[in-house]
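Trainee: kindly generate the corresponding structure for this input.
(one chain, ligands or ions: 1)
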Amino acid sequence: MNVLIVYAHPNPLSFNQSILKVVHNCFKDKGASVRLKDLYAERFDPVLGEAQLSLQNEGKIPDDIKREQEQVTWADTIVVIYPLWWFDRPAILKGWFDRVFTNGFAFSFDENGVTGLLKGKRAIVVVTAGGTKEDFGKNADQLTKSTTEGTLAFCGITDIADRVFYSVPIVDDEARKKMLKELEVLVEQF
Ligand SMILES: Cc1cc2nc3c(=O)[nH]c(=O)nc-3n(C[C@H](O)[C@H](O)[C@H](O)COP(=O)(O)O)c2cc1C
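Mentor: Next up, the predicted model:
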């Protein structure tokens, strides 16, 4: 199994960092090859600007983005880990998708509509939130959707597990350990 972890949290002491460690170690224990994309540590430039768009319109991809795409191609499993920021992904992660999951690489359009080009891959999406599940009410099942549906499923990835951990800044250590245990089980069973 080739696992690409795409991780978006700027603080190395965050709970997201603990999640990253658990996921990394669990996949290693399963015998997987694991590669990590730590977007803040790499100072990934998330802005899809005129230079790349112009190239794309000529059917070309910048070399640095080609290298990112090679990592995606290598992976049969993509794990995305991030905190919920304004009901969505941190901008650096959104921008990674903007720039790397390009038309012609991750999906294509024709008169019949959209074709996902990443079919056959699997994914896990792990999100932490500050709010309680009750805070989100009927929207609680929407928290991962921008990534699971809007991006991954759009690109043909249908085997997707997702998990949201709520109230992360306010719960005690015991509750956090329980969350990490839950995650271990999820990865073991994946
Ligand atoms: C810019 C920003 C936006 C946030 N937006 C939300 C939000 O929309 N909903 C929510 O429940 N928590 C929100 N939070 C709280 C974070 O999701 C929460 O602190 C984080 O998931 C906790 O994990 P960590 O300790 O690893 O950072 C936001 C935090 C920041 C910094």
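Trainee: residues in contact with the strand or helix carrying Ala123?
Mentor: Ala123 belongs to strand 122-128 when assigned by DSSP states H and E. With contact meaning CB atoms under 8 Å, 6 or more residues apart in numbering, strand 122-128 is reached by 15-16, 19, 23, 76-84, 143-144, 147-148, 152, 157, 159-165, 168, 183, 186-187, 190. (Glycine included, C-beta is placed from N, CA and C.)
Trainee: let's see the PyMOL selection covering just the buried ones among those.
Mentor: Buried subset of these, written as a PyMOL selection, criterion 16 or more other CB atoms under 10 Å:
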select buried, resi 15+16+19+23+77+78+79+80+81+82+83+84+143+144+147+148+152+157+160+161+162+164+165+168+183+186+187+190
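Trainee: picking that back up, now the strand holding Ala123 - C-alpha only, PDB.
Mentor: C-alpha atoms of strand 122-128 as PDB (Å, rounded to 0.1, in the frame of the first residue of the first chain):
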ATOM      1  CA  ARG A 122      -8.900   5.300  -1.700                       C
ATOM      2  CA  ALA A 123      -9.000   8.100   0.900                       C
ATOM      3  CA  ILE A 124      -9.300   9.000   4.500                       C
ATOM      4  CA  VAL A 125     -10.300  12.500   5.600                       C
ATOM      5  CA  VAL A 126      -9.700  13.500   9.300                       C
ATOM      6  CA  VAL A 127     -11.000  16.800  10.500                       C
ATOM      7  CA  THR A 128     -10.800  18.500  13.900                       C
END
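Trainee: tell me how far the helix or strand following it is from the chain's mean position?
Mentor: Next helix or strand after strand 122-128 toward the C-terminus (DSSP H and E): helix 133-136. Helix 133-136 sits 22 Å away from the centroid of its parent chain (CA atoms, centre = their mean, to the nearest Å).
Trainee: for the record, mean pLDDT for helix 133-136?
Mentor: The average of the pLDDT scores along helix 133-136 is 96.
Trainee: any residue of that helix up close to the ligand?
Mentor: No. Helix 133-136 does not reach the ligand (CB under 6 Å from any ligand atom); its nearest approach is 6.6 Å.
Trainee: list of residues touching that helix?
Mentor: By CB under 8 Å, 6+ apart, the residues outside helix 133-136 that reach it are Ala129, Ala140, Gln142, Leu143, Val164, Tyr166, Ser167.
Trainee: what about 10 Å?
Mentor: Identification of contacts with helix 133-136 by CB atoms under 10 Å, 6 or more residues apart in numbering yields Leu84, Phe87, Ala129, Ala140, Asp141, Gln142, Leu143, Val164, Tyr166, Ser167.
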